[in-house]
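Model the following, please.
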Amino acid sequence: MNANSEQNINPVLACIASHPNYKKIVNCSAACQSLWVLFVTVAILGLVGCGTTGQSKTTAWRFDQGIGTRADGPQMLTLRGIGFDYPKGTRQNWWQANAGVDSFSRLDEIFSASVSPTSAPVQAWRRQAPELTLTYQGAAALGGGTKTLNDYFDRNPTTAMLIAQGDTLLLERYQYARQPEQRFTSFSMSKTIIAMLIGVALNEGRIRSLDDLAQVYAPALQGTEYGNTPLRHLLTMSSGVEFREEYDGRDDSARLTSATIMGQSPGGADLAKMFNRRIAEPGKRWSYASAETFVLAVVLRQAVEQDIASYFSEKIWKPLGAESEATWLIDAAGQEIGYMGFNATLRDYGRLGMLMAQMGAARGQQLVPAAWVKEMTKAHVLPIATKRWFGYGYQTWVFPALDGTFAFQGVRGQVIFVDPSLQLVFVHLAARPTARDPAGGADTVALWQALKRSVAPLKSPLSQKIITF
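Okay, here's the model as predicted:
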């Protein structure tokens, strides 16, 4: 074996050894180990792929009425294992890498959820034919170089992608046998949706002021540090309450998830007592904390005097013209958890992004006040303070150029990037194996930046007079 062969094989063997079932297999019977040896041989021959940048031999894309689909994608060893189908997600394994493809496209079947119905007529998309073609400079961490859209799909575990400008779909694709009718989970993209609804409730007078304390609207929060925090600082993740969110399985976000969707508590406002140590005055310290969105969701439900799913359906989903119902994961008390767990189809995520690109307007109606959209998508916290490359608005990530572009973002590769000046929306749904993937995320941003450069402004650009709060 020559040096080049060793360089090619060693990363494959390392990835195989990191597979979640590796220890079980090497400790099994001799016959079982023989099958494992055969599998290793297949892996070395390149018939399966693994690793962050590993590219397996993927099948060709098939297109039907402008929609691209294929049954596989990159990193098949990690995402599917050695079986012939994607492992079925359960309450026990849903977060594991090899269950993500299935879990993240039906999380509302695995956990309890409330429903936001839609109603006719659906807001139809036009479709560009043929689909958009694009090249971009790949992320340096993945080797750089000029890449195509197909290259992007071949090295990123994207389950579904949509690009839209105005009323037109420029691209719609699904990997890993995902389908247009499936509802994909949002993870923290739902935080931005909660902020949109806070703005609607504020406009209606259901919430009187962002300077009100959370406990004004949710009396059960009285006596807690979160209850004693102004809504404004909850919106900007600046409550000053201690909360650790690192996705290591032992942090506060894991405790919150256990208490909410896993049903290991009665749920509701009492959960705020789990995180009740103040380490800074409100507004003085930025720290990303999903508990702050959960508290906002509790406040919102109390302020509007109905469940969030129904309020969202009435105020946004139905008038928007969504084609399918959306769902929200709930805790044992029936409270929509808000910080994650919104689920919708790819095209409906596109409609939601376009609503924000058009400053809260859709089908001739102002569903979210334009002034609120402007306020929630500006950087109240600059990138230098977040240390996350992005700045932060009201439950919304703001691109560091501060040029009006912003993002809904969730772990494991979920994003909606929005540029109102171009009425451009990019929806990216994924099953990245880890919560954070800096290299993959950089590749997604690089693709977005190339997309922005490649499209021209619409002939009738959005023009609205924006008043500020």
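
make it CA atoms for all contacts and neighbour counts henceforth
Fine.

Would you map the strands across the stretch 301-450 of the chain?
Secondary structure of the stretch 301-450 of the chain, counting by DSSP state E, counting those that start in this stretch: strands at 326-329, 342-344, 361-362, 365-366, 391-392, 397-398, 406-410, 414-419, 424-430.

a markdown table for those strands, including mean pLDDT, mean neighbour count and distance to Arg127?
Compiled in a markdown table, the strands of the stretch 301-450 of the chain are given as follows (pLDDT from 0 to 100; neighbours: other C-alpha atoms under 10 Å; distance: least, C-alpha to C-alpha, whole Å):
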| stretch | mean pLDDT | mean neighbour count | distance to Arg127 |
| --- | --- | --- | --- |
| strand 326-329 | 98 | 26 | 23 |
| strand 342-344 | 99 | 29 | 20 |
| strand 361-362 | 98 | 19 | 18 |
| strand 365-366 | 98 | 13 | 23 |
| strand 391-392 | 98 | 26 | 33 |
| strand 397-398 | 98 | 28 | 29 |
| strand 406-410 | 98 | 24 | 24 |
| strand 414-419 | 98 | 25 | 19 |
| strand 424-430 | 98 | 25 | 14 |
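
for stretch 128-141, the distance to its chain's centre please.
The gap between the average C-alpha position of stretch 128-141 and the chain average comes to 21 Å, counting by C-alpha atoms, centre = their mean, to the nearest Å.

Buried by neighbour count: which residues of that stretch qualify?
Judged by neighbour count using 16 or more other C-alpha atoms under 10 Å, the buried positions of stretch 128-141 are Leu132, Thr135, Tyr136, Gln137, Gly138, Ala139.

from those residues, which ones fall inside strands?
Members of the buried residues of stretch 128-141 lying in strands (criterion: DSSP state E): Thr135, Tyr136, Gln137.

Pull up the gap between the closest residue to the last one other than its chain neighbours and Pro74, please.
Of all residues not flanking Gln137 in the chain, Thr146 sits nearest, at 4.7 Å (C-alpha to C-alpha, 6 or more residues apart in numbering). If you measure Thr146 against Pro74 using C-alpha to C-alpha, to the nearest Å, the figure is 19 Å.

These two: which is more packed in?
Comparing Thr146 with Pro74 by neighbour count (other C-alpha atoms under 10 Å), the higher total belongs to Pro74, at 27 against 11.

Could you give the bridge partners of Gln414?
For Gln414, the residues forming beta bridges with it (DSSP bridges) are Gly410.

Let me see the contact set for it.
With contacts defined as C-alpha atoms under 8 Å, 6 or more residues apart in numbering, the neighbours of Gln414 are Ser186, Phe187, Met189, Val427, His428, Leu429, Ala430.

Out of the buried residues of stretch 128-141, which is nearest to Asn93?
Minimum distance to Asn93 across those is 30.8 Å, recorded for Ala139 (C-alpha to C-alpha).

Verify the stated contact: the closest one with Pro438.
No. Under the criterion of C-alpha atoms under 8 Å, Ala139 is not in contact with Pro438, lying 9.8 Å apart.

Tell me the gap between stretch 143-161 and the middle of its chain.
Counting by C-alpha atoms, centre = their mean, stretch 143-161 comes out at 18 Å from the chain centroid.

Take it, keep the C-alpha atoms, and write them as PDB.
Below are the C-alpha coordinates for stretch 143-161, written out as PDB (Å, rounded to 0.1, in the frame of the first residue of the first chain):
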ATOM      1  CA  GLY A 143     -10.900  23.400   1.000                       C
ATOM      2  CA  GLY A 144     -12.100  26.500  -0.700                       C
ATOM      3  CA  GLY A 145     -12.300  26.600  -4.500                       C
ATOM      4  CA  THR A 146     -15.100  27.400  -6.900                       C
ATOM      5  CA  LYS A 147     -18.100  25.200  -6.300                       C
ATOM      6  CA  THR A 148     -21.500  24.600  -7.900                       C
ATOM      7  CA  LEU A 149     -24.900  24.000  -6.300                       C
ATOM      8  CA  ASN A 150     -24.500  20.300  -6.900                       C
ATOM      9  CA  ASP A 151     -21.100  20.500  -5.100                       C
ATOM     10  CA  TYR A 152     -22.800  22.100  -2.200                       C
ATOM     11  CA  PHE A 153     -25.400  19.300  -1.900                       C
ATOM     12  CA  ASP A 154     -22.600  16.700  -2.300                       C
ATOM     13  CA  ARG A 155     -20.800  17.900   0.700                       C
ATOM     14  CA  ASN A 156     -23.500  19.200   3.000                       C
ATOM     15  CA  PRO A 157     -26.200  17.100   4.700                       C
ATOM     16  CA  THR A 158     -29.000  19.300   3.400                       C
ATOM     17  CA  THR A 159     -32.400  17.700   3.600                       C
ATOM     18  CA  ALA A 160     -34.300  20.400   1.700                       C
ATOM     19  CA  MET A 161     -33.400  23.800   0.100                       C
END
